[in-house]
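S.K.: Pasting the sequence and the predicted coordinates here, then a few questions.
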Amino acid sequence: NNVHLLFEAAVAGGIPILKSLEQGLSANKIEMLAGIINGTGNFILTEMRDKGRDFADVLKEAQALGYAEADPTFDVEGIDAAHKLAILASIAFGCELQFDKVSTEGISKIEGEDVTFATELGYSIKHLGIAKQIDGKMQMRVHPTLIPKTRLLANVDGVMNAVLVKGNAVGPTLYYGAGAGDEATASAVIADLVDIIKGTVSDDILGWQSFEAMPHQAVDEIESIFYLRLLATDKPGVLADITTIFAKHNISVEAVIQKQIDAQNNAHIAIITNQVKTGEINAAVDEIQKNDFIQETVKIIHVETLD
């Protein structure tokens, strides 16, 4: 109909992240972006860390406060964040909008033990959306992530949002603010209307015609550091068996914590690996899981240093 369609409020509420990508960073080739782009999930993880509460308890409060819907699936299973990441990646990397290519994992399986171990190891768990272009292939993923406490993103708490963008010229830049709410959303919508009224909006502001369908990196090929948590029988040789399996898959251990937790002589073991392909860590965990000393499903969480 020959009208402008702007959507700043679609991602990160009052943070002008889309305009920053389109205009303020236009001289840069974007190398990576990573963001906390769902306030509900961030609120839940913050409460679990700071007050020792469990997921289900905090989710009920989030619903009572209006942060989460009666059906919270989109928020807690990462679907909302995946939608937003697809938009960010499309603008940042000039690729077609491909929500179906976003590897998505929610926060509903995060337990108190993971939050505690993360803290002891010097990390904070955040639900991140990450997009990169590596060797001409796109990588888009949403999942819980251990971030070093020293990183600014690790200290974005409550319902606040933040997006880290790394450009080849400017380096890392961080955009922080309210990700939802009436006033934050209105701020973004009104800003779009003002741009239209001023006539500062190009007829092809996003260059849709030039957006390309880029190949995507297979999930098994994505490299990451990983956190593993195992509940295992505490007996001689268990750690040796685990490290032997790791060695078969070219995985080394950077840190390990073990805690005995019950009268049955079971222990929680938390491990931080080196950087390894996702396919290798999954294969190693599948092999570890088959041992009779493993008492429950092994937990796997990505670790990102955000260097």
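M.R.: Perfect, I can see it now. As the structure is a prediction and not an experimental result, all values here were calculated from the model.
S.K.: Against Ile245, how distant is Asn2?
M.R.: 62 Å (CB to CB, to the nearest Å). From N, CA and C alone the C-beta is placed, and that goes for glycine too.
S.K.: Contacts only, for the nearest residue to Gly94 once chain neighbours are set aside.
M.R.: Spatial nearest neighbour of Gly94, chain neighbours left out: Phe211 (5.7 Å); criterion: CB to CB, 6 or more residues apart in numbering. With contacts defined as CB atoms under 8 Å, 6 or more residues apart in numbering, the neighbours of Phe211 are 90, 94-97.
S.K.: before we move on, back to that, in terms of neighbours, single out the busier of Asn2 and Ile245.
M.R.: Ile245 (18 against 4; other CB atoms under 10 Å).
S.K.: Buried ones in the host helix or strand of the more buried one, by neighbour count?
M.R.: Using DSSP states H and E, the element containing Ile245 is helix 238-248. Buried residues in helix 238-248, counted by 16 or more other CB atoms under 10 Å: 238-239, 242, 245-246.
S.K.: Give me the distance from the helix or strand just after it to the chain's centre.
M.R.: Downstream of helix 238-248, the first helix or strand assigned by DSSP H and E is strand 253-260. Here strand 253-260 is found 24 Å from its chain centre; the criterion is CA atoms, centre = their mean, to the nearest Å.
S.K.: Tell me which strands the following helix or strand past strand 253-260 pairs with, and in which orientation.
M.R.: Downstream of strand 253-260, the next assigned helix or strand under DSSP H and E is strand 266-273. With DSSP bridges as the test, strand 266-273 is paired with strand 223-233 (antiparallel), strand 253-260 (antiparallel).
S.K.: Make sure Asp157 is actually in contact with Asn42.
M.R.: Yes: contact criterion CB atoms under 8 Å: Asp157 and Asn42 qualify, at 7.0 Å.
S.K.: higher neighbour count, those two?
M.R.: Using other CB under 10 Å as the criterion, Asp157 and Asn42 rank with Asn42 on top: 24 against 16.
S.K.: looking at this, the more buried one is in a helix?
M.R.: Yes: assessed with DSSP: H, G, I helix; E, B strand; the rest coil, Asn42 lies in a helix.
S.K.: How about the helix or strand of the chain with the lowest mean pLDDT, which residues are buried there?
M.R.: Ranked by mean pLDDT, DSSP states H and E, the helix or strand of the chain with the weakest confidence is helix 182-198, at a mean of 80. Using 16+ other CB under 10 Å as the test for burial, helix 182-198 gives 184-185, 187-188, 192, 195.
S.K.: Identify all contacting residues around it.
M.R.: 4, 6-9, 13-14, 16, 19, 177-178, 201.
S.K.: Stretch 115-123 now?
M.R.: With CB under 8 Å, 6+ apart as the criterion, stretch 115-123 contacts 45, 48-49, 124-125, 146-149, 154, 227, 229, 255, 257, 268, 270, 272, 303.
S.K.: And stretch 71-80, by the same measure?
M.R.: 38, 40-41, 44, 59, 62-63, 68-69, 104-108, 127, 142-143.
S.K.: Can you flag the buried ones in those?
M.R.: Judged by 16+ other CB under 10 Å, buried ones among the contacts of stretch 71-80: 38, 40-41, 44, 59, 62-63, 68, 104-108, 127, 142-143.
S.K.: okay, and for this structure, where does confidence drop off?
M.R.: 1, 202-210 (pLDDT under 70).
S.K.: how does it divide into domains?
M.R.: Here the domain parsing of the chain from automatic domain parsing is 8-210, 219-303.
S.K.: Point out the most buried one among these.
M.R.: domain 8-210 (a mean of 18; mean count of other CB atoms under 10 Å).
S.K.: and the gap between the closest residue to Lys259 other than its chain neighbours and Leu59?
M.R.: Nearest residue to Lys259 in three dimensions, chain neighbours excluded: His268, at 5.1 Å (CB to CB, 6+ apart). According to CB to CB, His268 stands 23 Å off from Leu59.
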